[in-house]
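Visitor: here is a sequence together with a model predicted from it:
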Amino acid sequence: MPQLEVDGAALTYDDEGPRDGDGVPLVFVHGWTANRRRWDHQIAHFAEKRRVIRLDLRGHGESGGAGVPTIEELAGDVLALLDHLEVERCVLIGHSMGGMISQTIALSHPERVERLVLVGSISRMAFSRGRGLLMAASTLVPFKLFVAANIQRAFAPGYPRERIQEHIRASAATPREVVMTLYDAMRAFDVLDRVGEIRTPTLLVHGYHDIQLPVKQMLRMATAYPDAVIRIIDAGHELPLEKPAELTAALDRFVSPVPVA
């Protein structure tokens, strides 16, 4: 279990697959209150033929560190890991908050991103006044109830209740300070007016039943991307958990080199 010390946080990561495999490395970035194991299905599939890298963001999973007030600081952690592993260029794949981190890197260091994949992510959290007030009020309830309410909503109808409870318990194990600080960081994140600057080929994968970050918000973002492919899957917000095989297939079609005839 390798770790890298970055600004007082020991970041746990995995670096697997052949160094001389097909294409540049794939770098997977998980979302809020999750961990690097969200990508188990994708890692098992891609590690056979190319280098794959994933990490636990600071304060999540097996990584230490406190919460940070901005998405930019999390992006700095990912860049520090890429520098440490001597990865100059990669395919960046981010889920939810991980997609916000990935967009930040694509904007600040476009030379390092060959392709970009945003899974259940958006460029600006924009909600009605009523929803905004509800979100603000939700931070006043007991922490475990706050986490449970947010994770419960992340899954499409019909997803097994016992599995949802497992994910609620895992998310609630993330330190409260980390959860709440990054909740504010996500709400403040806004690069919608800049995404047109991202010229790298981009895949936007979204769950049709996502009510955390609704499809219509993703489509608003998509209109700003100059070169984007959109894939809608019959799932909620937690695509890596709900439809792992479909997500892997969508990624494979997008990131795999096309054979030359």
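Guide: Everything's here; your move. Numbers count the residues shown, from 1 in each chain.
Visitor: so which residues of the stretch 1-150 of the chain form helices?
Guide: Taking DSSP state H, counting those that start in this stretch as the criterion, the stretch 1-150 of the chain carries its helices at 40-46, 71-84, 97-108, 129-138, 143-152.
Visitor: so which of the ones you listed gets nearest Pro214?
Guide: Nearest to Pro214, of all the helices of the stretch 1-150 of the chain, is helix 129-138, at 10.1 Å by CB to CB. All C-beta spots, glycine's among them, are computed from the backbone N, C-alpha and C.
Visitor: using the three-state scheme, assign Gln217.
Guide: Gln217 carries the three-state label helix when classified by DSSP: H, G, I helix; E, B strand; the rest coil.
Visitor: quick one: it from Asp210, how far?
Guide: 9 Å (CB to CB, to the nearest Å).
Visitor: and if you look at Ala47?
Guide: Taking CB to CB as the measure, Ala47 and Asp210 are separated by 28 Å.
Visitor: tell me which of these two has more neighbours.
Guide: Asp210 (26 against 17; other CB atoms under 10 Å).
Visitor: chain neighbours aside, what residue packs nearest to the more buried one?
Guide: In space, and not counting its chain neighbours, Asp210 is closest to His237: 4.5 Å by CB to CB, 6 or more residues apart in numbering.
Visitor: and for Ala47?
Guide: Gly17 (4.1 Å).
Visitor: again, but for Asn35
Guide: Here the nearest residue to Asn35 in space, its sequence neighbours aside, is Gly61; by CB to CB, 6+ apart that works out to 3.0 Å.
Visitor: what about that neighbour, distance to Thr223?
Guide: For Gly61, the distance to Thr223 under the criterion CB to CB works out to 34 Å.
Visitor: swap in Glu111?
Guide: Distance from Glu111 to Thr223, counting by CB to CB: 25 Å.
Visitor: and Thr181, by the same measure?
Guide: Look at Thr181 and Thr223: by CB to CB, they are 31 Å apart.
Visitor: Met100 too?
Guide: Taken as CB to CB, the spacing of Met100 relative to Thr223 amounts to 18 Å.
Visitor: settle it for me: which of those two has more neighbours?
Guide: More neighbours surround Met100 than the other of Met100 and Thr223, with 29 against 9 (other CB under 10 Å).
Visitor: the more buried one against Ala188, yeah?
Guide: No: Met100 lies out of contact with Ala188 (CB atoms under 8 Å); the separation is 10.4 Å.
Visitor: residue ranges with poor pLDDT in the stretch 101-250 of the chain?
Guide: Residue ranges of the stretch 101-250 of the chain with pLDDT under 70: 126-139.
Visitor: show me the strands in it, by range?
Guide: Listed in chain order, the strands of the stretch 101-250 of the chain (DSSP state E, counting those that start in this stretch) span 113-119, 202-207, 228-233.
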